[in-house]
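S.K.: model this:
(one chain, ligands or ions: 1)
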Amino acid sequence: MNELTSEHYVEGLRKAEELGIVVGDVETWAGDYFDHIARGVTTMNTRSVNSAVLPLIKLYGDPGFSFLELGQGVGVACAQVRAAAAEGSRIVSTARTPANPWYVCNITMKRLMELLNERMCEPWKGGELTIVQWLERVERERFEKKRGADTFSLEELFDLQRDFGLEIFTVLDEDSPFLDCCKVGDLPEDSLPEGSYKMVYENNGPISKSPERVRIVSMVMEALDSDGVLFLSESTQGGVALGNELREGGVLEDGDLVISLANDLSNEAGATIIAKKDSPLAVRMREHGDDCEFGGVFYIRDEIVYQQVFGVIN
Ligand SMILES: C[S@@+](CC[C@H](N)C(=O)[O-])C[C@H]1O[C@@H](n2cnc3c(N)ncnc32)[C@H](O)[C@@H]1O
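M.R.: Residues are numbered from 1 along each chain as shown. Predicted coordinates:
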């Protein structure tokens, strides 16, 4: 794929609208702070899925698995879930800026910088300047606050892909998008994409830091199947505080569990998981009961407990 451009990326969004994959008004949301189309691709909109999600997908592991991400950014996590989930699974997202459902971003911006560091002296942009000179320009723009930290425009990424043979984006066939639906919307004012889900996932999305987080979680609990889970990939959610807010808000039912996962057991800053009473996670967690429960939150700090509860070992 040598001829990719940001125009192709946007044309793909139009095509996805025609096919009913992207729903909602694409134009309205061009001002999203994390908008990867107008503002650029960064470490903050290309995060990998939390590694603890992958064993959970296996616990559900049938063709009826359905996954909703809140705030998918470029869609890296959704594409990884699509690759890990059984054929026939439904992968859906909602955010202020839509993701092109065929363009899979394969590389973190950190890794891209490492690759560029190895090629500092190579000429770029038709010999106009070397990579190191270009990066100096980028740094200056960051310093002058003309661009955010680690931010590259889509156009720059496609240019790097073409000129250096890096596979930054892979483009999927039209009949196999990694998203079945991507709703453009603003939570909690807009509704969630239609349907019910086994897993709702968020990493620094609309629930995170929102004063309306109880209202959004309440919408999510309605949309979850009776054996579903809400997976928040951020320890800053603070399991105890969130659990208390949800209980006081009447959002949790008897038997629903708030589970806090330690940082070193997942590839990120830990996780807070709201597990519905009949979810495989809640059923397994209850077996560990008193060992793990403090103040209404179940803590998983131990590798063996993690492996048992997440089905890595039985
Ligand atoms: C910081 S980016 C995170 C992207 C991705 N989850 C990641 O970790 O790389 C925030 C994402 O949440 C979305 N978002 C933030 N607030 C939102 C809201 N109130 N309603 C819908 N989407 C929202 C943004 O559009 C964006 O996709």
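S.K.: So L257 is in contact with I274, correct?
M.R.: Yes. If you go by C-beta atoms under 8 Å, L257 and I274 touch, sitting 7.5 Å apart. Heads up, the C-betas are built off the backbone N, CA and C, glycines and all.
S.K.: And those two? Which one has more around it.
M.R.: Set side by side, L257 and I274 show more neighbours around I274, with 27 against 23, by other C-beta atoms under 10 Å.
S.K.: can you list the residues that contact stretch 273-284?
M.R.: Here stretch 273-284 makes contact (C-beta atoms under 8 Å, 6 or more residues apart in numbering) with 56, 59-60, 217, 221, 224-232, 246, 252-261, 285, 308-311.
S.K.: Out of those residues, name the ones that lie in helices.
M.R.: Those of the contacts of stretch 273-284 mapping onto helices are 56, 59-60, 217, 221, 246, 285, 308-309, per DSSP state H.
S.K.: Make CSV from those and add distance to the ligand, pLDDT and neighbour count to it.
M.R.: Converted to CSV, the ones in helices among the contacts of stretch 273-284 look like this (distance: C-beta to the nearest ligand atom, whole Å; pLDDT from 0 to 100; neighbours: other C-beta atoms under 10 Å):
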residue, distance to the ligand, pLDDT, neighbour count
L56, 17, 93, 25
L59, 22, 89, 20
Y60, 21, 88, 23
V217, 13, 96, 24
M221, 17, 97, 18
L246, 18, 92, 21
M285, 25, 91, 22
Q308, 28, 87, 17
V309, 24, 88, 28
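S.K.: Quick check: the farthest pair among those?
M.R.: Greatest spatial distance in those: V217 and Q308, 26.7 Å, computed using C-beta to C-beta.
S.K.: and the closest residue to V23 other than its chain neighbours, helix, strand or coil?
M.R.: Using C-beta to C-beta, 6 or more residues apart in numbering and skipping residues adjacent in sequence, the residue nearest V23 is K183, 5.1 Å away. On the three-state scheme (DSSP: H, G, I helix; E, B strand; the rest coil), K183 is labelled strand.
S.K.: So what's the residue count around K183?
M.R.: 21.
S.K.: Kindly report the same for the one 10 residues further on.
M.R.: The local packing of P193 (other C-beta under 10 Å) involves 21 other residues.
S.K.: That one is in contact with L68, isn't it?
M.R.: Yes. If you go by C-beta under 8 Å, P193 and L68 touch, sitting 6.5 Å apart.
S.K.: joint contacts of the two?
M.R.: Common contact partners of P193 and L68 (C-beta under 8 Å, 6+ apart): 92-94.
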